[in-house]
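1. Sequence plus predicted model, see below.
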Amino acid sequence: MLRYAARNSRLLAAAGTAGGTIIVGTTYLWEEPSSLEGDNRDQVPTDAESADVSYAPISLPSRKDQVNRLSNGKTFDVLVIGGGATGCGAALDAQMRGLDTALIERGDFASETSGRSTKLIWAGIRYIGTALGQLLRFKNLIRPLDAMGDFKGEFKMVLGAHKERKIMLENNPHLTSWVPIAVPIKTWISWPPPMGHPLFAFAPVTLPAVFKFYDGLGGFTCPPSHIMSKSRARRKFPQLDQDVKYVSVFYEGQHNDARTATCIALTAAEEGATVTNHVEMIGVLRENGDKGKAIGIRARDNMTGKEFEVHAKAIVFAGGPFTDGMRKIEDPNCKNAVNGAAGTHIVLPGYYCANGIGMLDINTSDGRFLFFLPWQGSTLVGTTDRKEDAVSKPGPPEDEIQWLLSEAEKYLSSELKVRRSDVLSAWQGFRPLASDPHAPPGAPASRDHTISTNPDTGITFITGGKWVTYREMAEDVIDRVVKLNSLSDKAGPCKTEKRILRGGIGYTRGVPIKLVQDFGVSEETAKHLARTYGMNAFDVCRNAQPTGKRWPRSGNLLIEGYPFLECEIEWACKNEMVVTVKDMMCLRTRLAFLNSEAAKTVAPRVAEIMQKALGWSKLEKNRQLQEAEEYLAQFGGPNMSKDAIYSAATITDIQDMFKTFDQKQTGYIDFDEMLLMAKKLGFPMTKMQAEKQFKSMDLDGNNKITEKEFITWWHEAGPDDELRKNLGNKFQSNVEKLGTGSDSRGIMFG
């Protein structure tokens, strides 16, 4: 095995060409490693300061070996149940303190909330606004001390998020990056005001100063916020509505959330933790049968059906919005502690975000923030917010897809048509809204995450919080577990603050260039591999097969239009515990989240590669493929679900319907045109019905329905209006005729 070496403090320039572009990068020193005695984890640097030393990739036990370690009857110090960001972080924290730790996850790592976020490492600028708005409400005149306490608590939370954002981005440049986010300002006074407070009506004037203050909270470690003039905005954002006063730009962190969480889990395994996916808790073991302290769990390997016991001195539930499901296994009569809040995201083609710059609407029609973000070559738009019990199904409601599309049009040029068929993928995720069921009466509610211990079983759960604070949350819950379970003699202090995640030790910005030069992969693929696997990308590329082309020389694509390689599938199966086609499509490559139709197209090929890598029978391969196809069918895409209720439409869609009625192309619809087109479209009306309908549309009573009146009628009539319902159904069938795959508008592959 080759060892990679890069001296960050003494970079040697290496000039070369790749894809016709002259590049200057880091020189890598290649040397044979000396043999490592015993556990090579002790030989590997684990903090950011030592990232410039030689690094040998760490091989991990196979999933089979991990399950065997889990089920061999030993007693762990800490058992964490839940493989999202917080659970994986807790396992890493506990193991690095010297505690013998195990982690189980019923699906794949980050298969729920942690893999369905807005992909931001967000320090929380909105929370500053909401906290200030709450502080300045009139009702707080009679409770000034309580109000100030609430504000300080919220402000402290934001400062903590800034600290954690800095740690994530500085430690893990292979997984994270800064993304500029533009806020277009169209008026000097915003009404109704953002976040519902009159004070924020002046946000368009004060926003640049607010963003500078926000930079300062993070110690000015992020790229500086700045103002973009109207003329510059026109050059940078050709797709932006030109009616803007100026654009204010600030920066947030961004990542591939599922990959980051997976790397946290695998880093815990590197440290020696027993980490397993697709293992589910089905019961709790207690000292005296069904009473007394919990001493372990009954678990089931969901891949084989085998059941076994896992014993532990301390147990942590980290199930996010699904935590109450775990607690019901512990105590069927327990009081609920977690409510779910669902959010929908859609993915549009990359041209909706110009030059890698995102956009933020701070004042949507219902008061939420709405992001347009460049992500993995596409545009991510989200999110919505509705209270609902959490489910694993990724498919979002159709009306939320339509709402996001309608909101997206507000800041885009009228020349850029936003259509329902532009949606490449859509999904929903759930975040937890938690309270402490074991808190004494009158205890203050948590403004961030909640940690609570059942006094009967001794099991501790943690939920709430944000992606950016996963490490802080993990530290807090392990602090609690160590104290409550008398583990202080064995446990050291928290050490995760400087721990680089898997693949990051020795990483520099020159890694993609080196991949291009040494293996002949394309620049796009090299960037993807480097930003996914870090230094382990070299191992991945050694498995790449010749393409038979002049360029790129190696690395057969899984599907055209995306940088994923076939050799990644085999490598992940053998090195990173991937065991299902569904997980590979959704979480390890993210293709289902980027383009659901592309994922459906390539799933059979992925099943073939995994069959060979994992030794599946033909029967198992077919079962895996069927499971993946059923799951992928739940994602939103360019076509509406057959059973979706058409309750909204984009402005462009409504304009197209108007033009269908305006047969004479006069710019308005007269009574005869409406009567004729209703008949042609398959829903004729009597003259009396038509007169009533026409009157409801003709707002100014001049016997002409303008486009503006038609759009107003559409939004005000509601989905129960008979004509609107018929038009919606007719329009849906027309969308379905657009086709799928490469024949469908907005499908970026094939």
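-> Arrived safely. Just so it is clear, the structure is predicted and the values come from calculations on it, not from any experiment.
2. residue ranges with poor pLDDT in the protein?
-> In the predicted model of the chain, residues 1-57, 138, 242, 366-367, 440-447, 641-653, 715, 717-720, 728-750 satisfy pLDDT under 70.
3. biggest helix in it by residues?
-> The longest helix of the chain (DSSP state H) is helix 144-171.
4. Spatially central residue in this protein, please.
-> Nearest to the geometric centre of the chain sits S117, at 3.0 Å (CA atoms, centre = their mean).
5. Provide a list of residues in contact with the nearest residue to that residue once chain neighbours are set aside.
-> With CB to CB, 6 or more residues apart in numbering as the criterion, S117 has its nearest non-adjacent residue at 4.8 Å, and that residue is D257. Glycine gets a C-beta too; all of them are placed from N, C-alpha and C. Listed by CB atoms under 8 Å, 6 or more residues apart in numbering, the contact set of D257 reads A85, A110, S114, G115, R116, S117, K119, W467.
6. Need those residues in CSV (columns: distance to N703 and secondary structure).
-> Shown next, in CSV, are the contacts of D257 (distance: CB to CB, whole Å; DSSP: H, G, I helix; E, B strand; the rest coil):
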residue, distance to N703, secondary structure
A85, 61, helix
A110, 59, coil
S114, 58, helix
G115, 55, helix
R116, 50, coil
S117, 52, coil
K119, 51, coil
W467, 56, helix
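7. which of those residues lies closest to E523?
-> K119 (22.2 Å; CB to CB).
8. What is the burial count for that closest one?
-> 27 (other CB atoms under 10 Å).
9. If I follow the layout properly, it ends up in contact with W375?
-> Yes: using CB atoms under 8 Å, K119 is in contact with W375, at 5.3 Å.
10. shared neighbours of those two, anything?
-> Q254.
11. Count the residues that sit near R106.
-> With other CB under 10 Å as criterion, R106 counts 23.
12. re the thing from before, show me which of the contacts of D257 are buried.
-> A85, A110, S114, G115, R116, S117, K119, W467 (16 or more other CB atoms under 10 Å).
13. In a markdown table, list these along with distance to Q689.
-> What follows is the buried ones among the contacts of D257, written out as a markdown table (distance: CB to CB, whole Å):
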| residue | distance to Q689 |
| --- | --- |
| A85 | 56 |
| A110 | 54 |
| S114 | 53 |
| G115 | 50 |
| R116 | 45 |
| S117 | 48 |
| K119 | 49 |
| W467 | 53 |
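14. Among those, find me the one that's closest to C573.
-> So of the buried ones among the contacts of D257, ranked by how close each gets to C573 (CB to CB), first place is A110, at 17.7 Å.
15. So A123 is in contact with L217, correct?
-> Yes: contact between A123 and L217 holds when scored by CB under 8 Å: they sit 7.2 Å apart.
16. When these two are compared, which one has more neighbours?
-> Remark: of A123 and L217, A123 carries more neighbours, 26 against 18, as counted by other CB under 10 Å.
17. got the phi/psi numbers for G429?
-> The phi/psi pair for G429 (degrees, to the nearest 10) reads phi -140, psi 170.
18. Three-state assignment for Q66, please.
-> Using DSSP: H, G, I helix; E, B strand; the rest coil, the structure places Q66 in helix.
19. For it, give me its contacts.
-> Counted by CB under 8 Å, 6+ apart, Q66 has contacts A269, T274, V275, T276, M577.
20. show me where the stretch 551-700 of the chain has strands.
-> Secondary structure of the stretch 551-700 of the chain (DSSP state E, counting those that start in this stretch): strands at 668-669.
21. check contacts around the residue nearest to the centre of the chain.
-> D257, G429, W467.
22. how about those residues in CSV, adding distance to R106?
-> As requested, the contacts of S117 are exported to CSV (distance: CB to CB, whole Å):
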residue, distance to R106
D257, 19
G429, 16
W467, 20
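23. What is the nearest of those residues to L145?
-> Set against L145, the nearest of the contacts of S117 by CB to CB is W467 (32.6 Å).
24. is it true that that closest one touches S114?
-> Yes: using CB under 8 Å, W467 is in contact with S114, at 6.9 Å.
25. Doesn't N288 belong to a strand?
-> Yes: using three-state DSSP, the assignment for N288 is a strand.
26. Count residues in the vicinity of it, would you?
-> 8.
27. From here on, call the first residue 474.
-> Shifting the count to begin at 474 puts that one at N761.
28. what sits opposite it in the beta ladder?
-> K764 (DSSP bridges).
29. From A772, how far off is it?
-> Separation of N761 from A772 (CB to CB, to the nearest Å): 21 Å.
30. try N812
-> The spacing between N812 and A772, counted by CB to CB, is 27 Å.
31. out of those two, which sits in the more crowded spot?
-> Taking other CB under 10 Å, N812 and A772 do not tie; A772 has more neighbours (25 against 17).
32. wait, isn't that one in contact with V757?
-> No: using CB under 8 Å, A772 is not in contact with V757, being 10.6 Å away.
33. residue boundaries of the helices in the stretch 1074-1223 of the chain?
-> Assigned by DSSP state H, counting those that start in this stretch, the stretch 1074-1223 of the chain shows helices spanning 1091-1105, 1124-1134, 1144-1153, 1160-1170, 1180-1190, 1195-1209.
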